[in-house]
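Colleague: Pasted the sequence and its predicted model underneath.
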Amino acid sequence: MYDYFLGGKDHFAVDREAAEAINAISPDAKDLARANREFLGRSVRHLIDQGVTQFLDLGAGLPTRDNVHEVALRHARDSRIVYVDNDPMVLVHARAILADNPSTIVTEGDLRDPGWITGHPEVRAHLNFDEPIAVLMVAVLHFVTDDGEARRLVAEFRDAVVPGSHLVISHMSPGEAAGDALAAGREIYEKSSSGGIAFRTHEEVLSLFDGFELCEPGLVRISDWRPDHPAAEAPATPSGGAIGLAGVGRLDS
């Protein structure tokens, strides 16, 4: 569905149908997906400016245009990237796309099993866990619908990395969406492979950064996180629907 929203070609008819159903409820869905991809690029550039060149991208999906490896390697040639996903089709396609890229590997893993990922031999061989790592949870934590589990997962990844590491999160939030629209959106995602979606409030998403110091400008709408072109990226009028929140945190101790 995300690939479809981004204008890609790596999706199936059922993905298009579900994406259009979401679009009928939230007409800004495609714009939100593109804003999320642009935030990903800006956050990677910020991390490289902070001297972080190791990236662990969880629930990465297909490595389409301007994904982590392209942005990172464009700005720091010594960057190391690990993409983690649990979708067999994603793994096959991603490995084919990145077969000739020694800086990037694709590993099977599930966000819900942090120990498996951080202890995986391939991950450990590619990333140095004695040095800062950027843990990317971009548009993925809202698919962990239990609040306590979501906080536990983030905490386990936090405890696996050293000070100077960063956490990047983007997450769906209710915004001004009406209850029936949110319920309809949840129903669509419950029928998908994701199994459901949680629209968390600003306070609930903020709690996921426990132990991290938020970088400026804090947890804000996706398009408001250090926009390259503020006037062009800000929505002309409020959509009245669900929104995306985004933030980057630094682990100091």
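Modeller: Yep, that arrived.
Colleague: Quick one: residues contacting G51.
Modeller: Counting by CB atoms under 8 Å, 6 or more residues apart in numbering, G51 makes contact with 132, 164. Backbone N, C-alpha and C define where each C-beta goes, glycine included.
Colleague: That one belongs to a helix?
Modeller: No - secondary structure of G51 (DSSP: H, G, I helix; E, B strand; the rest coil): coil, not part of a helix.
Colleague: ok, now how distant is it from R200?
Modeller: In this view, G51 and R200 are 31 Å apart by CB to CB, to the nearest Å.
Colleague: can you check P217 too?
Modeller: Distance from P217 to R200, by CB to CB: 19 Å.
Colleague: Pick out whichever of the two has more residues nearby.
Modeller: R200 (21 against 13; other CB atoms under 10 Å).
Colleague: what's the pLDDT at the more buried one?
Modeller: Note on R200: pLDDT of 93.
Colleague: got it, and F212?
Modeller: For F212, the model assigns a pLDDT of 98.
Colleague: Next: N86.
Modeller: 86.
Colleague: so who does it touch?
Modeller: Contacts of N86 by CB under 8 Å, 6+ apart are 59, 108-111.
Colleague: Tell me which stretches of the chain form helices.
Modeller: 2-5, 13-25, 29-49, 68-75, 88-97, 114-118, 121-126, 147-159, 179-190, 202-207, 230-233 (DSSP state H).
Colleague: show me the contacts for the nearest residue to E149 once chain neighbours are set aside.
Modeller: Spatial nearest neighbour of E149, chain neighbours left out: R112 (7.3 Å); criterion: CB to CB, 6 or more residues apart in numbering. Contact partners of R112, counting by CB under 8 Å, 6+ apart, are 144, 149, 153.
Colleague: Can you give me the distance of the nearest residue to A150 once chain neighbours are set aside to L111?
Modeller: In this structure, A150 finds its nearest non-sequential neighbour in V144, 4.4 Å apart by CB to CB, 6+ apart. Using CB to CB, V144 is found at 7 Å from L111.
Colleague: what do you get for Y83?
Modeller: Distance from Y83 to L111, by CB to CB: 12 Å.
Colleague: So the two - more neighbours on which side?
Modeller: Shown here are Y83 and L111; by other CB under 10 Å, Y83 has more neighbours (27 against 20).
Colleague: low-scoring stretches of the chain, by residue?
Modeller: Applying pLDDT under 70 to the chain picks out residues 1-30, 63-65, 176-178, 180-182, 184-195, 231-240.
Colleague: what do you get if the cut-off is 50, keeping everything else the same?
Modeller: Low-confidence segments of the chain (pLDDT under 50): 236-238.
Colleague: about what we covered before: got the phi and psi for the residue nearest to A150?
Modeller: phi -100, psi 100 (degrees, to the nearest 10).
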